[in-house]
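Asks: sequence first, predicted coordinates after that:
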Amino acid sequence: MQTQTLNDAQVFPRSVAMTTSSRLHMGFFDLNGGLGRRFGSIGLSLQAPVTSLKVSPASTFTAHGYGAERAIKIAQQITNALKIKDGVHIDLESSIPEHSGLGSGTQLSLAVGMAISTLYQCDLSVNEIAVLTKRGTRSGVGLGTFSSGGLIVDGGRASTSLIPPVIAHADFPEDWPILLIFDKGHLGVHGAQEFAAFQNLPPFPEASSALLCRHVLMQALPAIAERDLPAFGQAIQILQVVTGDYFAPAQGGGRYTSQLVTAVLNQLEANGVHCFGQSSWGPTGFAVFANQLEAETQLKQLNATFGHEANLEFVLTKANNQASQLQLS
């Protein structure tokens, strides 16, 4: 690979701006892996929160904003791999909260990687950036939402897979409001703790994988095609119950990692909400509603019950059916 620098004859952009969305990871459906592919997951791109940043050429590596240190490490990782001698400056205008279950690490890595690739005209694909930054090691949902938005299903990893392939994509109804439930006093399982969880948990039952695959293929995906929220919610509930209970030993003993979020989700279930759960390792919870009136009614009740909890925050958003956005200047 030819080394590139700012002094080359090529004309490089002065800066590259990237905006990419958070995602819900609604569950794995084959943690058994008996057919040669393990994991497999379903998830959804969100309109908020987002990571928005601008990358400019520089002689060293600097960054400003929430997640600056992490962004610098990603930039150094990418430029070293591409043999780019110069550095970059990264302005982080907004960032997805870290370790919240919303895919902050993957989206930051892909955004920084795509910006650097564009800045230095390296023409990397999303998948190539994921491999360089070691993202998508288990789930391909974040890669799919970065590339296209919407609802994503990935096919898990085989022994030869570089990343999990996206096997299904669909637009998600944007008139179904989505409530995010944040516990600001709690972090989701991540890093060494996450690695240890997968190493130490017992084998996942083959029968459970078969059940979950059936609910994804024959219930969740057709339900989105027919805009049937109760059926979609039922499929997601099966994934949440089976995988949540399996991961409970790594989550403090519960189906969900945060007790506050658990209390909120229990109330939503008692109120008859069809679709709810925890995104990835949490602690962020979510709920999907059929219309704005239902969302506002449920939110009003939640505020009345949990308004005294300083660490709880409720945010209403919607699905995002667009790919990440790139701008040159």
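Replies: Great, that's in hand.
Asks: mind listing the strands for the protein?
Replies: 16-30, 39-58, 62-64, 87-94, 151-154, 166-170, 178-183, 275-278, 285-288, 312-317, 325-328 (DSSP state E).
Asks: residues in contact with stretch 52-72?
Replies: For stretch 52-72, contacts defined as CB atoms under 8 Å, 6 or more residues apart in numbering pick out 6, 12, 14-20, 51, 75-76, 86-95, 98, 104-105, 108, 111-112, 115-116, 119. To be clear about C-beta, it is placed using only N, CA and C from the backbone, and glycine gets the same treatment.
Asks: whichever of those residues end up buried, select them in ChimeraX.
Replies: Buried residues within the contacts of stretch 52-72, by 16 or more other CB atoms under 10 Å, are selected in ChimeraX with:
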select :12,15,16,17,18,19,20,51,75,86,87,88,89,90,91,92,95,104,105,108,111,112,115,116,119
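Asks: my read: Ser208 touches Phe29, true?
Replies: No. Between Ser208 and Phe29 there is no contact under CB atoms under 8 Å: 9.3 Å.
Asks: out of those two, which sits in the more crowded spot?
Replies: Between Ser208 and Phe29, counting by other CB atoms under 10 Å, Phe29 is the more crowded of the two (29 against 18).
Asks: which residue packs closest to the more buried one, ignoring adjacent ones?
Replies: Closest residue to Phe29 apart from its sequence neighbours, by CB to CB, 6 or more residues apart in numbering: Leu212 at 3.8 Å.
Asks: quick check: longest helix of this protein.
Replies: Longest helix of the chain, by residue count under DSSP state H: helix 229-247.
Asks: buried residues in that one?
Replies: 229, 231-240, 242-244, 246-247.
Asks: tell me the helices and strands packed up against that helix.
Replies: Where contact means 3 or more CB pairs under 8 Å, 6 or more residues apart in numbering; DSSP states H and E, helix 229-247 is packed against strand 16-30, helix 206-215, helix 221-225, strand 275-278, strand 285-288.
Asks: closest to Leu82 out of the ones you listed?
Replies: Among the helices and strands packed on helix 229-247, strand 16-30 comes nearest to Leu82, with 14.6 Å by CB to CB.
Asks: where's that closest one relative to the chain centroid, distance-wise?
Replies: Distance of strand 16-30 from its chain centroid, counting by CA atoms, centre = their mean, to the nearest Å, is 3 Å.
Asks: give the other helices and strands that that strand contacts.
Replies: Using 3+ CB pairs under 8 Å, 6+ apart, strand 16-30 sits against strand 39-58, helix 104-119, helix 141-148, helix 206-215, helix 229-247, strand 325-328.
Asks: with mean pLDDT and distance to Thr160 added, can I get those in JSON lines?
Replies: Formatted as JSON lines, the helices and strands packed on strand 16-30 follow (pLDDT from 0 to 100; distance: least, CB to CB, whole Å):
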{"stretch": "strand 39-58", "mean pLDDT": "98", "distance to Thr160": "15"}
{"stretch": "helix 104-119", "mean pLDDT": "97", "distance to Thr160": "21"}
{"stretch": "helix 141-148", "mean pLDDT": "98", "distance to Thr160": "17"}
{"stretch": "helix 206-215", "mean pLDDT": "98", "distance to Thr160": "20"}
{"stretch": "helix 229-247", "mean pLDDT": "97", "distance to Thr160": "25"}
{"stretch": "strand 325-328", "mean pLDDT": "96", "distance to Thr160": "31"}
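Asks: now tabulate those in TSV and tack on distance to Phe276.
Replies: Shown next, in TSV, are the helices and strands packed on strand 16-30 (distance: least, CB to CB, whole Å):
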stretch	distance to Phe276
strand 39-58	13
helix 104-119	22
helix 141-148	18
helix 206-215	16
helix 229-247	8
strand 325-328	29
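Asks: between these, which gets nearest to Gly155?
Replies: strand 39-58 (5.9 Å).
Asks: and that closest one, how far out from the chain middle?
Replies: With CA atoms, centre = their mean, you get 8 Å for strand 39-58.
Asks: okay, buried residues for it please.
Replies: 39-47, 49-57.
Asks: can you give me phi and psi for the nearest residue to Ala158 once chain neighbours are set aside?
Replies: Spatially, and ignoring its direct neighbours in sequence, Ala158 is nearest to Arg37 (5.0 Å; CB to CB, 6+ apart). The phi and psi torsions at Arg37 (degrees, to the nearest 10) take the values phi -130, psi 130.
Asks: tell me the pLDDT at Arg37?
Replies: In this prediction, Arg37 carries a pLDDT score of 97.
Asks: can you report how many residues neighbour it?
Replies: Count around Arg37 with other CB under 10 Å applied: 18.
Asks: surely it is in contact with Asp30?
Replies: Yes. Using CB under 8 Å, Arg37 is in contact with Asp30, at 6.8 Å.
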